[in-house]
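In: Kindly generate the corresponding structure for this input.
(chains A and B)
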Amino acid sequence: MIDNITLVGLLVGIVGGRASYVLQNLPAFTRAPLNIIALNPELFDVWGGLLAAALAVLIYTQRKGLGWAETFDALMPAAAVVMVGLGLSHLAAGSAYGRPTDLPWGLNLWGVPRHPTQVYETLLALGVGILIWPREAGKLGVFGWGVRPGGVFWGFLALSALARIVLETFLAEQTLWLGWLPAGQVIAWGILAVGVFAVGRRLVFVDEPLSEPTGVTNG
Amino acid sequence: MKITLGPLTRKGWRWISAVVLTAAALWVVGTAQFGPKTEAAERSTAPQEGFSAPGFTLNTLDQDSLTLEDLRGQAVILNFWASWCPPCQEEMPAMQSVYETFADQGLQIVAVNLAFQDSTEAAQNFVDTLGLTFPVVMDEDGEVARQYRISALPTTFFIDADGVIQEVVMGGPLSDALLYTRAESLLEGVR
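Out: As a prediction, the model looks like this:
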């Protein structure tokens, strides 16, 4: 079942990402309509693709009578592996490079020794994966806290956001808001706050009876 | 591995949440205020997105001289190619079409022929056959290809009006739509 969900998400994500890109750049495609199926991966809107994939997974799981919370929890180990792979791919490509540094572990890249942010990214993703990897049903990864469905997903999101906040500190290129506030870190902090709140609603506390959190029916 | 944190109470979780969120917020503000500035101010030269495009001077097929730095102020698509490379042959008509559309708005296309792996006759024949009107320069000794670390053909660099590489695409053929959208995006900085 997880294989089917992954396949549906992947296919709809690819089609949705291209469709979103086409809609945002209509003049380019009206002069060459066949380019809609051009084999250029650059003609892709990542956020449109992710949104389409998420919607497809939600619809698919609902039609199959699966709870989305359980589904997303089950997908999290795969997501953790993907995040590690992403760090390694950045290392191979030399992209997502770090600021220049004098530290002894600086990696000589693009002319100067730099923070090996790709290695940091891989290690942070590995750490998140180890912390969240399921060890016991109904428990939150390595922490061993009791958790309701959806808790693993939100826990993964919160830890990944925390990792991102640390990583962004060392990246060479950042988008700054107001000329000084790194946009990536601010967005990650927002995701962390939502994640921490959502995990809190799904944790089973020793001083409270085990029941569904108020207002949460399926995740 | 299992971390033993003891039984979790709601109050305990509230403490953990508050500490994590506060520490993360302080980290963001602290490193933004007191950390090193982003590299944009100290931009160096490298054939990589976000860096200044390495400069060069090469001769065109017509034996004129072309210097990349002279194109500052214009959006530049820098394309490395060879006449025997099938994807290069396939994408050149799209390059020409986009050039004709945007040249008068400030777009320049520079096609760097890897002359050390090609012949002047084959390159000239290629240009004549496809009716290319943008500058084609000859990298006779491969120095510019080495500068740009070309490992596959075609490779295309999208360079903004400040001479900064905005995107690198290895391989092809690049579609008309891709070139069109990237040209539009680069020209936003020119208009």
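In: drop to CA atoms for contacts and neighbour counts, all remaining ones
Out: OK.
In: So if we follow the domain assignment, how does chain B break up?
Out: B:9-40, B:43-187 (automatic domain parsing).
In: Just give me how far the first one sits from the chain centre.
Out: Domain B:9-40 has its average C-alpha position 35 Å from the chain's average C-alpha position, going by CA atoms, centre = their mean, to the nearest Å.
In: The last one too?
Out: Average the C-alpha atoms of domain B:43-187, do the same for its chain, and the two points are 10 Å apart (CA atoms, centre = their mean).
In: Show me the domain layout of chain A.
Out: Listed by automatic domain parsing, the domain ranges of chain A are A:1-66, A:67-219.
In: Low-confidence ranges, chain A, go.
Out: By pLDDT under 70, the low-scoring segments of chain A are A:209-219.
In: hmm, back to that, now tell me which of the domains of chain B the model trusts least on average.
Out: Here those differ in mean pLDDT, and the lowest is domain B:9-40 at a mean of 85.
In: Any chance you could list what contacts the helix or strand harbouring residue B:32?
Out: Residue B:32 is part of helix B:10-34 when elements are defined by DSSP states H and E. By CA atoms under 8 Å, 6 or more residues apart in numbering or on different chains, the residues outside helix B:10-34 that reach it are A:162, A:165, A:169, A:180-182, A:185-186, A:189, A:192-193, A:196-197, A:200, A:205, A:207-208.
In: same for chain B: which of those are within range?
Out: Among the contacts of helix B:10-34, the residues within reach of chain B (CA under 8 Å from any CA of the partner chain) are A:162, A:165, A:169, A:180-182, A:185-186, A:189, A:192-193, A:196-197, A:200, A:205, A:207-208.
In: Pull out the buried residues from the contacts of helix B:10-34.
Out: For those, burial is judged from neighbour counts taken by 16 or more other CA atoms under 10 Å in any protein chain shown, and it is met by A:162, A:165, A:169, A:181-182, A:185-186, A:189, A:192-193, A:196-197, A:200, A:205.
In: mind listing the strands for chain A?
Out: Assigned by DSSP state E, chain A shows strands spanning A:107-109, A:112-114, A:139-140, A:145-146, A:176-177, A:181-182.
In: And the longest helix seen in chain A, what does it pack against?
Out: Identified as the longest helix of chain A according to DSSP state H is helix A:68-93. Counting contacts by 3 or more CA pairs under 8 Å, 6 or more residues apart in numbering or on different chains; DSSP states H and E, the secondary-structure elements packed against helix A:68-93 are helix A:2-24, helix A:46-63, helix A:117-132, helix A:151-168.
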